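Enquirer: sequence first, predicted model second:
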Amino acid sequence: MANNLRFQVVAEAFKKRPVDVPRPAERPSEYFGKYVFDRRKMRQYLPADVFDAMVEVMDHGARLDRSIADAVAAGMKQWATENGVTHYTHWFQPLTEGTAEKHDAFVEWDDGKAASEREQNGARSDSAEREQARTKFKGGMIEKFSGKLLVQQEPDASSFPNGGIRNTFEARGYSAWDPTSPVFIIDDTLCIPTIFIAYTGEALDYKAPLLRALHAVSKAATDVCQYFYGDVKKVQVNLGWEQEYFLVDEGLYSARPDLLMTGRTLMGHESAKNQQMDDHYFGTIPDRVVAFMKDLEIQALELAIPVKTRHNEVAPNQFELAPIFEECNLAVDHNMLLMSLMKKVARNHGFRVLLHEKPFDGINGSGKHQNWSLSTDTGILLHAPAKGDPTNPDATAYETLRFVTFIVETLMAVYKHNGLLKASIMSATNAHRLGGNEAPPAIISSFLGTQLTELLDKIERGETSEVRGKQNMQIDIPQIPDLIIDNTDRNRTSPFAFTGNRFEFRAPGSSVNCASAMIALNAAMAEALTSFKVRVDEKISELSQLPEYAAGTGHTAKFHAIVEVLRDDIKACKPVRFDGNGYSEAWVLEAARRGLDVEKSCPVIFEHYLDEDSVRMFESTKVMNRKELEARNEVKWEMYVKTVQIEARVLGDLAMNHIIPVCTHYQSQLIKNVQGIKDIFPVERAMRLSSRNQKLIEEIAERTERIERFVEELTEARRVANRIEDIHARAIAYHDTVCPKMDDIRRETDKLELIVEDGLWTLPKYRELLFIR
């Protein structure tokens, strides 16, 4: 079939070769952060007093004094223009799961004041500018960037998802500079990370509530740290994400309207070979992919994204990239920037990157594991076991108690807000991934490992114990060194697993903004730690009245108060601990019995944002108020409806305008074949020789008739759902009535793909999408 686009793009894909990626002259450590206005460049381009003020803002949370904004803007602009920059933009993260930007040029009408203003603000000025300022020359244009433009701008808030907070007739919103996340250069544009809020003050983005959550957990954790370390003044949240993705040849991608429009294949029978041989995971990276990865890593490092790991993932054409962990807010920004960069670099290499959580049925989907931990400004990792000091057993006991405290209060947060954490990672796309093909189940539980489980059980029973550090394992091969064995095993199906010195939140999907899960988790942790401290202080006050503690012998009242509160919490959060197989039906029943959320409907799961416990937690930690939560849920339900609606429209179009015409064309060929056999052979023999084709003719007719009926039912289900005014009820209707019809259509089309002659099938098949590299 010479006119079949599928075979044209397949032939072209086989001809493609790796793109040559020039190796930079410098080492990675030398070009790291080349296009980022980091501290080194701040020190170079800002006056000393302004630099010191910025350090106070970035390191100690001091409020930014707008009086220094002009000096900062002048220094930024000078550095940027020296790197060929002509525009600037406020770069923010609206509730679209992407980023937003509006580019403005560094140009203003020349009024003769620019050079004098720059000198007043401490920035360098050349002689021509000074002369221009003296003569008050007016006319033409100059390049200018003021502190006002750096600090604040006014995007149209009504044009972004806002849950009814902003209307077209009251559209004003503000973007405000986040000085804790460095500005950076993309092409000819200076990008300024900002928050995005409504004129009335509500957050319309992910960054604003994330910053509030990070502040809340830092304060609560710092307060608890005073029990163990009196010199701790700040606690930082660390995040290390693992970005999974698929790469598909650009030509094959363009020949699949479903991939083009929805990011996933809405139909397609699985390949005879997919991932069952386990030969792709950690295998040799294909040459074209290696070139893409090299190019991506160079550009990421230039933007100070500390990428470290790259490898093949389990499914064919699936890969992973992971950085070194960073402070949480910066890590979130870097992940959003990287996803945008991946799409750009992939196209330069003839690929399209698929960030959808489940682009292909029957094989692994893509997640974004989020490795989360807390550390103090004195360098202590709060989720790490005590190192142990034989010469100071009391210090070791307190170190172990600190470790247990932060582990248990993390579990308390996950248990109390189990449904909310699931809602924070749920989406129409991630719902396809969870619960199958090595992805975590849609029940949030925590794996601790045998050693830590035994420790908590002993504390609950009032027994003493300790956590052993990493042990050595000898291999019975002389030339192989001893292995260092971790204190926990690895459970790949656990949604929230302890992995030695941090927790790995594995449920988030590959396309999402990391901030969604981090907002919920850190706010819940802040609440848990605050509650813990209140109860411990009360217990200390109570125990201090007893004679045995007043005497000051043995462990203090503080030590025993912490242990008693921990014992209560260990017992309370025990239902969330699960080290077994999360895929079993028995676990679903057991999880429900334990009070964990086992709901599967995405729109219903979103309701947990408005549970009274969730609202109380968000408001008490000052992360979000009820109005903001209600608005976000409106957005989530609306995004769910639109996602499924688009998929349903695309699927209906593919079924009626691609699948059925191809099938009926093949059916016509079969009919001609049967008629030809009857013309040549006697009736009885003709019937026998044509029986297979007659069965195929009948099966094609039956399946295409069912497809037509299902498409009509799908269209009607959408019409009925669209008439529902309440967006919550409409989302539920889409889940309950529209999605099942889509499954019905796919079942029929996938069967027909196996029947119809390969040369007639117009859509690239799984074997081509997954194995042409």
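Expert: The structure has been received and is ready for your questions.
Enquirer: which stretches of the stretch 51-200 of the chain have low pLDDT?
Expert: Within the stretch 51-200 of the chain, the ranges that satisfy pLDDT under 70 run 112-139, 166-170.
Enquirer: quick one: the closest residue to residue 737 other than its chain neighbours and residue 646, what's the gap?
Expert: The shortest distance from residue 737 to any non-neighbouring residue, by C-beta to C-beta, 6 or more residues apart in numbering, is to residue 717 (4.3 Å). (Each C-beta comes from the backbone N, C-alpha and C, glycine too.) Separation of residue 717 from residue 646 (C-beta to C-beta, to the nearest Å): 15 Å.
Enquirer: how about the secondary structure of the residue lying closest to residue 9 once chain neighbours are set aside?
Expert: With sequence-adjacent residues excluded and distances taken as C-beta to C-beta, 6+ apart, residue 9 is closest to residue 251, at 3.4 Å. What DSSP: H, G, I helix; E, B strand; the rest coil gives for residue 251 is helix.
Enquirer: okay, how far is it across stretch 498-514, tip to tip?
Expert: 19 Å (C-alpha to C-alpha, to the nearest Å).
Enquirer: and that stretch, which residues are buried?
Expert: Using 16 or more other C-beta atoms under 10 Å as the burial criterion, the residues of stretch 498-514 that qualify are 498-514.
Enquirer: cool, and stretch 673-684?
Expert: 673, 674, 677.
Enquirer: circling back to that earlier point, and the helix or strand hosting the residue nearest to residue 737, which residues are buried?
Expert: Using DSSP states H and E, residue 717 sits in helix 691-722. Under the neighbour-count criterion of 16+ other C-beta under 10 Å, helix 691-722 has 693, 696-697, 700, 703-704, 707, 710-711, 713-714, 717-718, 721 buried.
Enquirer: next one: residue 201, what pLDDT does it get?
Expert: Here the pLDDT value assigned to residue 201 is 89.
Enquirer: now it, what's its secondary structure?
Expert: Strictly by three-state DSSP, residue 201 counts as coil.
Enquirer: if I look at it, how far off is residue 195?
Expert: Computed with C-beta to C-beta, the distance linking residue 201 and residue 195 is 11 Å.
Enquirer: same for the helix holding residue 717, what does it pack against?
Expert: helix 626-654, helix 660-680, helix 727-733, helix 739-755 (3 or more C-beta pairs under 8 Å, 6 or more residues apart in numbering; DSSP states H and E).
Enquirer: export these to JSON lines and tack on mean pLDDT and distance to residue 459?
Expert: Putting the helices and strands packed on helix 691-722 into JSON lines (pLDDT from 0 to 100; distance: least, C-beta to C-beta, whole Å) gives the following:
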{"stretch": "helix 626-654", "mean pLDDT": "96", "distance to residue 459": "36"}
{"stretch": "helix 660-680", "mean pLDDT": "94", "distance to residue 459": "65"}
{"stretch": "helix 727-733", "mean pLDDT": "97", "distance to residue 459": "43"}
{"stretch": "helix 739-755", "mean pLDDT": "97", "distance to residue 459": "46"}
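Enquirer: for residue 42, find the nearest of those helices.
Expert: With C-beta to C-beta as the measure, helix 626-654 is the member of the helices and strands packed on helix 691-722 nearest residue 42 (33.0 Å).
Enquirer: the inter-axis angle of that closest one versus helix 691-722?
Expert: On the basis of axes from the mean of the first three to the mean of the last three C-alpha atoms, to 10 degrees, helix 626-654 is oriented at 150 degrees to helix 691-722.
Enquirer: nearest to residue 157, of the buried residues of helix 691-722?
Expert: For these, the nearest to residue 157 is residue 721 (28.0 Å; C-beta to C-beta).
Enquirer: so how far is stretch 186-194 off the chain centroid?
Expert: When C-alpha coordinates are averaged (C-alpha atoms, centre = their mean, to the nearest Å), stretch 186-194 and its chain have centres 22 Å apart.
Enquirer: CA atoms only for it, dumped as PDB, please.
Expert: The C-alpha trace of stretch 186-194 is given here as PDB (Å, rounded to 0.1, in the frame of the first residue of the first chain):
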ATOM      1  CA  ILE A 186      16.200  30.000  27.800                       C
ATOM      2  CA  ASP A 187      17.200  31.100  24.300                       C
ATOM      3  CA  ASP A 188      16.900  34.900  24.300                       C
ATOM      4  CA  THR A 189      14.600  35.200  27.300                       C
ATOM      5  CA  LEU A 190      15.400  35.800  31.000                       C
ATOM      6  CA  CYS A 191      12.900  33.500  33.000                       C
ATOM      7  CA  ILE A 192      12.000  34.700  36.500                       C
ATOM      8  CA  PRO A 193      10.300  32.000  38.700                       C
ATOM      9  CA  THR A 194       7.200  33.400  40.300                       C
END
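Enquirer: list the buried residues for that stretch?
Expert: In stretch 186-194, counting by 16+ other C-beta under 10 Å, buried: 186, 189, 190, 191, 192, 193, 194.
Enquirer: list the buried residues for stretch 62-74?
Expert: Those would be 64, 68, 69, 70, 71, 72, 73, 74, for stretch 62-74 by 16+ other C-beta under 10 Å.
Enquirer: and what of stretch 145-152?
Expert: For stretch 145-152, burial by neighbour count (16+ other C-beta under 10 Å) applies to 145, 146, 147, 149, 150, 151.
Enquirer: could you dump these into JSON lines with distance to residue 287 added?
Expert: Listed next are the buried residues of stretch 145-152 as JSON lines, based on distance: C-beta to C-beta, whole Å:
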{"residue": "145", "distance to residue 287": "44"}
{"residue": "146", "distance to residue 287": "49"}
{"residue": "147", "distance to residue 287": "49"}
{"residue": "149", "distance to residue 287": "46"}
{"residue": "150", "distance to residue 287": "44"}
{"residue": "151", "distance to residue 287": "47"}
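Enquirer: which one of the residues you listed is nearest to residue 667?
Expert: Using C-beta to C-beta, residue 149 is the member of the buried residues of stretch 145-152 that lies nearest residue 667, at 64.8 Å.
Enquirer: following the helix or strand containing the closest one, which helix or strand comes up?
Expert: For residue 149, the element it lies in under DSSP H and E is helix 147-151. Moving toward the C-terminus from helix 147-151, the next helix or strand (DSSP H and E) is strand 152-153.
Enquirer: show me what that following strand pairs with in its sheet, parallel or antiparallel.
Expert: Next to strand 152-153 in the sheet, as set by DSSP bridges, lie strand 173-177 (antiparallel).
Enquirer: keeping just the C-alphas, turn the strand it pairs with into PDB.
Expert: The C-alpha trace of strand 173-177 is given here as PDB (Å, rounded to 0.1, in the frame of the first residue of the first chain):
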ATOM      1  CA  GLY A 173      -4.000  38.400  38.900                       C
ATOM      2  CA  TYR A 174      -0.500  38.900  40.100                       C
ATOM      3  CA  SER A 175       2.800  37.000  39.500                       C
ATOM      4  CA  ALA A 176       5.400  37.700  42.100                       C
ATOM      5  CA  TRP A 177       9.100  36.900  42.100                       C
END
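Enquirer: show me how far that strand is from its chain's centre.
Expert: Per C-alpha atoms, centre = their mean, the centroid offset for strand 173-177 relative to its chain is 23 Å.
Enquirer: following that strand, which helix or strand shows up next?
Expert: In N-to-C order, the element after strand 173-177 by DSSP H and E is strand 184-186.
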